[in-house]
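S.K.: what follows is a predicted structure for the sequence shown.
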Amino acid sequence: MAGDDRDSTTEHPGDRYRPTDVSADRPALDRILILGAKGQLGSALVNQEWPVGTFVLPATRDQLDITDHGAVRTYIQRWRPKVVINAAASTSVDGAEAQPDVANRVNHRAVVSIAEAAAAVDARLIHLSTDYVFDGAASGWYREHDQVNPLGAYGRSKRAGELAALQLDDALVLRTSWLYSSTGSNFVRTIRKLGRSRPVLQVVDDQRGCPTAADDLAAAIVVAIRAGLRHNGLFHVAAPDDATWCEFADEILRLDGTRDRVELDRITTGQYPLAARRPADSRISSDAFAAAYGHTLPPWRESLRRVSRQLDRTDSPPPPVRIGVGIEFGGTGAVTRTAGPLVDR
Ligand SMILES: NC(=O)c1ccc[n+]([C@@H]2O[C@H](COP(=O)([O-])OP(=O)(O)OC[C@H]3O[C@@H](n4cnc5c(N)ncnc54)[C@H](OP(=O)(O)O)[C@@H]3O)[C@@H](O)[C@H]2O)c1
């Protein structure tokens, strides 16, 4: 079985991603398990150019529910990956306020199980976290060891997950920010859809962050793995520049050719109350990751151009827009609404 030393008759989820050429140098970290493989980051990881000889095992929620402690242990024991990337998460920021238990089960307790199972087979763990562990009250860019103070249940559950992963001496915990991609449900796809159908969009203009393309983050993870994960601990990995949700929407519409037709109404967070509070300024600096791994993500406008072009080619309709409630994108909670009724995805 190319890229793997298991019985080639054994069916497993990574089959269609298996590289064929294993004659070249085989990297030490060659068997990679991706949890949450259907999410924005998970899909982007699966689609990366992996080093020759890498054996990628994508596990979707259907294949492995990470909240099932025994299943996690058995799965990891069975496939004995060298690296486990936990891209699975419960990413609904407002949902977490209503159901903090769900957020805690997926974002915290499951990470305890994954860390234990990874340690049992000597696998390295890469775990993802969020800028929403900060309260946004600092003036300036957050660094890794700045004081955390999550404002909501989602951020608290993710912070607990960070600490669980960091129980392993050599885990790599990557905080990212405002993820989007050409698949899944996210701010970019929703704004494009609304921009094509509504004359006025009200978008929050007093929350600032680093819009990050999931495939840029995935590429950074591959860089770290190629480097043998030689630096571990906590790092920020996000776009190197920032925007407000409204600035982000402005550029999304411009690239989609609808900016001239849509009136963008800049509103404040206070004008649009939601279940969860969000940090006003959650810009995270990725300088430490750049110093450690020699890799910086592209500026967000450049990546957005690329994702926009992908969407031009492939756009399938995002989830239906419902009338009547708040809106939340990609789990981090960009907030927007039309001039008419509020919208939600
Ligand atoms: N999205 C953002 O804006 C953002 C911002 C900062 C940080 N992050 C962090 O970045 C990471 C990746 O986020 P993302 O945007 O790629 O998330 P996403 O698109 O929401 O994907 C998360 C994936 O996790 C899966 N999942 C949920 N519960 C699960 C369970 N019990 N067992 C197994 N899989 C489960 C989901 O499965 P289904 O497809 O079946 O639902 C989904 O495929 C997460 O750690 C997130 O907290 C995200």
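M.R.: Cool, got the structure.

S.K.: what is the rounded mean pLDDT of stretch 238-251?
M.R.: Confidence for stretch 238-251, expressed as mean pLDDT, is 98.

S.K.: endpoints of that stretch, how far apart?
M.R.: With CA to CA, to the nearest Å as the measure, the first residue of stretch 238-251 is 18 Å from its last.

S.K.: what comes up buried for it?
M.R.: Neighbour counts over stretch 238-251 (16 or more other CB atoms under 10 Å) mark 238-240, 242-251 as buried. Bear in mind the C-beta positions are built from the backbone N, C-alpha and C, glycine included.

S.K.: between those residues, which is closest to L168?
M.R.: Minimum separation from L168 among the buried residues of stretch 238-251 (CB to CB) is found for A238, which lies at 22.9 Å.

S.K.: okay, and which of the buried residues of stretch 238-251 map to helices?
M.R.: Taking DSSP state H, the ones among the buried residues of stretch 238-251 that sit in helices are W245, C246, E247, F248, A249, D250, E251.

S.K.: and the residue of the stretch 151-300 of the chain closest to the ligand?
M.R.: Distances from the stretch 151-300 of the chain to the ligand, computed as CB to the nearest ligand atom, single out L179 as the nearest residue at 3.6 Å.

S.K.: can you report how many residues neighbour that residue?
M.R.: Neighbour count of L179, defined by other CB atoms under 10 Å: 27.

S.K.: which stretches of the protein form helices?
M.R.: Listed from the start of the chain, the chain has helices (DSSP H) covering 40-46, 69-79, 93-98, 100-104, 110-120, 153-165, 187-197, 214-226, 245-256, 287-293, 300-314.

S.K.: pLDDT on the third one, on average?
M.R.: The average pLDDT within helix 93-98 is 98.

S.K.: distance between that helix and the chain's centre?
M.R.: Using CA atoms, centre = their mean, to the nearest Å, we find the averaged C-alpha position of helix 93-98 to lie 17 Å away from the chain's own average C-alpha position.

S.K.: cool, the longest one as well?
M.R.: On the basis of CA atoms, centre = their mean, helix 300-314 is displaced by 17 Å from the centre of the chain it belongs to.

S.K.: can you tell me which helices and strands that helix packs against?
M.R.: The criterion is 3 or more CB pairs under 8 Å, 6 or more residues apart in numbering; DSSP states H and E, and the helices and strands that helix 300-314 contacts are helix 187-197, strand 212-213, helix 214-226, helix 245-256.

S.K.: redo that, cut-off 6 Å
M.R.: Helix 300-314 sits against no helix or strand, with contacts defined as 3 or more CB pairs under 6 Å, 6 or more residues apart in numbering; DSSP states H and E.

S.K.: and if you look at the shortest one?
M.R.: Using 3+ CB pairs under 6 Å, 6+ apart as the contact criterion, the secondary-structure elements in contact with helix 100-104 are helix 153-165.

S.K.: now the helix it packs on against helix 110-120, angle please.
M.R.: Counting by axes from the mean of the first three to the mean of the last three CA atoms, to 10 degrees, helix 153-165 points 20 degrees away from the direction of helix 110-120.

S.K.: mean confidence for helix 153-165?
M.R.: Averaging the model's pLDDT scores along helix 153-165 yields 98.

S.K.: residues contacting that helix, please?
M.R.: Outside of helix 153-165, the residues that reach it under the criterion CB atoms under 6 Å, 6 or more residues apart in numbering are 93, 96-97, 100, 103-104, 107-108, 111-112, 115, 125, 127, 129-130, 132-133, 148, 150, 171, 173.

S.K.: the ligand next: which of these are close?
M.R.: Restricting the contacts of helix 153-165 to those near the ligand by CB under 6 Å from any ligand atom leaves T130.

S.K.: quick one: contacts for A117?
M.R.: Contact criterion CB under 6 Å, 6+ apart gives V72, R73, I76 as the residues in contact with A117.

S.K.: switch the cut-off to 7 Å
M.R.: The neighbourhood of A117, defined by CB atoms under 7 Å, 6 or more residues apart in numbering, consists of V72, R73, I76, Q77.

S.K.: again, but for P81
M.R.: Applying CB under 7 Å, 6+ apart to P81 gives the contacts R31, I32, L33, L57, A123.
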